[in-house]
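Peer 1: Got a predicted structure here, sequence first:
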Amino acid sequence: MSNNGTTAAMIDGLLRFTVTSGAIATTLVIPNAIQVLDKPLKRYLNRLDNRARERELRRVVTYMKKQGLVKGSYENGLIVTENGKKRAVKADFEQLTIKQPKIWDKKWRLVLFDIPEQHKRGRDYLTTKLKVLGFQQLQQSVWVYPFPCRLEIETVSIAFGVSRYVTYIETAHIDHQDKLIARFSKLLSR
C-alpha cells in the first residue's frame, strides 16, 4: 500500500467511523482508532511496533488538521469539522455496496426512472452507479437486481439530485425471469 493511499484510506476510515457511529458527538480518541479501520489498514498498522504506529497515527492526524477535516487534540479526541463530514459522506458513497444475503428471497428489485433532459448529468451518474452496483438493464431506464437495496437506491438518487424521478419496486415475478436468473447466476448460486 502506497503512503498516499494509506493516508487517504486511514483518513476516510477514521472519518467514516466517527461520523456514522456518532462516536461521542463526532469525536474520536485516536489511541483507540485502529479498531475502526478496514482490514488492510489494520494489517498495515499491526506490522508496525507501538512507537511506529503511534507516529503514523500522529502524522495522519496532523495532516487531517492541516486539511481542516478535524480539530481538537490527538490525546483528548478530535472533532470532525463540516469539511470532514463531507469527505466522510463522499467516501461512504464511493464505498457503497449492496449486501447479498446467502439465500435469495426470489424477489426482484426494479429501479425505474424518467429523468428530464435538464437533469441529464444526474441521470448519467445514476446509470453508471447502477452498473457499478451490479444492476442489469431490463429496458431503457429500467434496471433490475435480485437483492434488497431500497436504502442504497435512495442514497444514490438523492446524491445525484434525481430522487423525485426514481421509483423502486419489489416484485415476485417478471416475465422471462429465467433469462434474468441466468444473468445473475453468479450472485444467486453462492
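Peer 2: Arrived safely, thanks for sending.
Peer 1: For the chain, just list every one of the strands.
Peer 2: Using DSSP state E, the strands found in the chain span residues 27-28, 70-73, 77-80, 108-113, 136-139, 142-145, 166-171.
Peer 1: give me the low-pLDDT residue ranges for this structure?
Peer 2: For the chain, the stretches with pLDDT under 70 are 1-5, 16-41, 74-75, 190.
Peer 1: Show me how it divides into domains.
Peer 2: For the chain, automatic domain parsing gives the domain ranges 3-94, 108-188.
Peer 1: Which one, of the ones you listed, ends up nearest to Pro101?
Peer 2: Pro101 lies closest, by Cβ to Cβ, to one member of the domains of the chain: domain 108-188, at 6.4 Å. In this view, the C-beta of every residue, glycine as well, is placed from N, C-alpha and C.
Peer 1: Show me which positions of stretch 166-176 end up buried.
Peer 2: 166, 168 (16 or more other Cβ atoms under 10 Å).
Peer 1: thinking again about what came up before, the domains of the chain into TSV, with extra columns for distance to Pro101?
Peer 2: Shown next, in TSV, are the domains of the chain (distance: least, Cβ to Cβ, whole Å):
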stretch	distance to Pro101
domain 3-94	21
domain 108-188	6
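Peer 1: of those domains, which approaches Gln100 most closely?
Peer 2: domain 108-188 (5.3 Å).
Peer 1: How many residues are close by the residue nearest to Tyr165 when sequence neighbours are not counted?
Peer 2: Spatial nearest neighbour of Tyr165, excluding adjacent residues (Cβ to Cβ, 6 or more residues apart in numbering): Ile115 at 4.5 Å. For Ile115, the neighbour count with other Cβ atoms under 10 Å is 21.
Peer 1: was I right about Ile115 contacting Ser163?
Peer 2: No - taking Cβ atoms under 8 Å as the definition, Ile115 is not a contact partner of Ser163, at 10.3 Å.
Peer 1: What is the end-to-end distance of stretch 108-121?
Peer 2: 27 Å (Cα to Cα, to the nearest Å).
Peer 1: And that stretch, what's buried?
Peer 2: 108-111, 113, 115, 119.
Peer 1: what's the offset of that stretch from the middle of its chain?
Peer 2: Computed by Cα atoms, centre = their mean, to the nearest Å, the separation of stretch 108-121 from the middle of its chain amounts to 21 Å.
Peer 1: Equivalent analysis for stretch 167-183, please.
Peer 2: 26 Å.
Peer 1: for stretch 72-83, same thing?
Peer 2: How far stretch 72-83 lies from its chain's middle: 23 Å, per Cα atoms, centre = their mean.
Peer 1: What distance separates the opening and closing residues of that stretch?
Peer 2: With Cα to Cα, one end of stretch 72-83 sits 15 Å from the other.
Peer 1: Does Gly68 touch Asn83 like I think?
Peer 2: Yes - look at Gly68 against Asn83 with Cβ under 8 Å: they come within range, at 4.9 Å.
Peer 1: related to what we said a few turns ago, out of the strands of the chain, nearest to Ile98?
Peer 2: Ile98 sits nearest to strand 142-145 of all the strands of the chain, at 7.0 Å, using Cβ to Cβ.
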